[in-house]
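Asker: For reference, the sequence and a predicted model appear below.
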Amino acid sequence: MLTLWGRNNSSNVMKVTWLLGELDLPHTRIDAGLAFGRTGTPEYRAMNPLGVVPSLEDDDYTLFESNVICRYLCNAYAPKSGLLPQEAKGRARVEAWMDFQQTAISPVMGTVFQGLVRIAPEKRNWEAIHAGIARGNQVWGLLDARLATMFHVALNDFTLADIVWGVHVHRWLNLDIPGRAETPNLSAWYKRLLDHPAYVTHVASIPMT
Ligand SMILES: N[C@@H](CCC(=O)N[C@@H](CS)C(=O)NCC(=O)O)C(=O)O
């Protein structure tokens, strides 16, 4: 029995809700994080040392880190789905783009999204937001260049790399971001993601709050 802990408007939780939807895996989701709380208890901290979301329970086995949870679900429940190739080179390519998402775009999107959405206008640190947008233009620009010749992020097929970047591209392209650069290939890929019903349900239709 799979239980996912985390509010559905967290980008890191969305990776997992979207994947669960793609794989049509039965599960329960428990709201946790921000206003829902629940992440400070010793029981939660035993699953997730920093008290962030998401966390996954698979019967008595627990896991934290969104990208690792996605890989676990593919390995355990859908090894032949192609979302995480079994062949070494394809798999490493997907994992590299997943790690790149965590290290390069997560911090940027944290600054830009929190700054523009969760912080009141009078309290915004515009210097940090503009620096985040400048870095975002660089990193999203790299992905835009890649998508000029690739149908998807890591491989030409849809993989976990599309899921972990895809939760962020919806925000990047739809927020009112001053100075956002034009990225036609990124926009075309975003439109392809919108063909996935699970993306629309678990990412694109969740209010940006
Ligand atoms: N590297 C972690 C980061 C998790 C993280 O920072 N989650 C955010 C939401 S996107 C969080 O828990 N924020 C505090 C909260 O919601 O209470 C992962 O990928 O799972």
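Answerer: Good, I have the coordinates.
Asker: make it CA atoms for all contacts and neighbour counts henceforth
Answerer: Will do.
Asker: does the ligand sit close to stretch 6-19?
Answerer: Yes: using Cα under 6 Å from any ligand atom, stretch 6-19 reaches the ligand at 10, 11, 12.
Asker: how near is residue 52 to the ligand?
Answerer: From residue 52 across to the ligand, the span is 3 Å (Cα to the nearest ligand atom, to the nearest Å).
Asker: all helices of the chain, in order?
Answerer: For the chain, the helices defined by DSSP state H occupy 11-23, 42-47, 66-77, 88-100, 106-113, 126-146, 160-174, 184-193, 197-199.
Asker: gap between the residue in the chain sticking out farthest from the centre and residue 177?
Answerer: Relative to the centre of the chain, and counting by Cα atoms, centre = their mean, the farthest-placed residue is residue 122 at 28.5 Å. As judged by Cα to Cα, to the nearest Å, residue 122 and residue 177 stand 17 Å apart.
Asker: how does this protein divide up, domain by domain?
Answerer: With domains defined by automatic domain parsing, the chain comprises 2-77, 88-200.
Asker: can you redo the ones you listed as JSON lines with mean pLDDT?
Answerer: Below are the domains of the chain laid out as JSON lines (pLDDT from 0 to 100):
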{"stretch": "domain 2-77", "mean pLDDT": "98"}
{"stretch": "domain 88-200", "mean pLDDT": "97"}
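Asker: Between those, which one is closest to residue 206.
Answerer: Ranking these by proximity to residue 206 (Cα to Cα) places domain 2-77 first, at 6.4 Å.
Asker: first vs last residue of that closest one, how far apart are they?
Answerer: Terminal residues of domain 2-77 are spaced 11 Å apart (Cα to Cα).
Asker: what's the distance between that domain and the middle of its chain?
Answerer: Domain 2-77 has its C-alpha centroid displaced from the chain centroid by 12 Å (Cα atoms, centre = their mean, to the nearest Å).
Asker: Near the ligand, which residues of this structure are found?
Answerer: 10, 11, 12, 33, 34, 52, 53, 54, 65, 66, 67.
Asker: Dump the helices of the chain to a markdown table, plus mean neighbour count.
Answerer: Listed next are the helices of the chain as a markdown table, based on neighbours: other Cα atoms under 10 Å:
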| stretch | mean neighbour count |
| --- | --- |
| helix 11-23 | 23 |
| helix 42-47 | 14 |
| helix 66-77 | 18 |
| helix 88-100 | 16 |
| helix 106-113 | 19 |
| helix 126-146 | 17 |
| helix 160-174 | 21 |
| helix 184-193 | 17 |
| helix 197-199 | 19 |
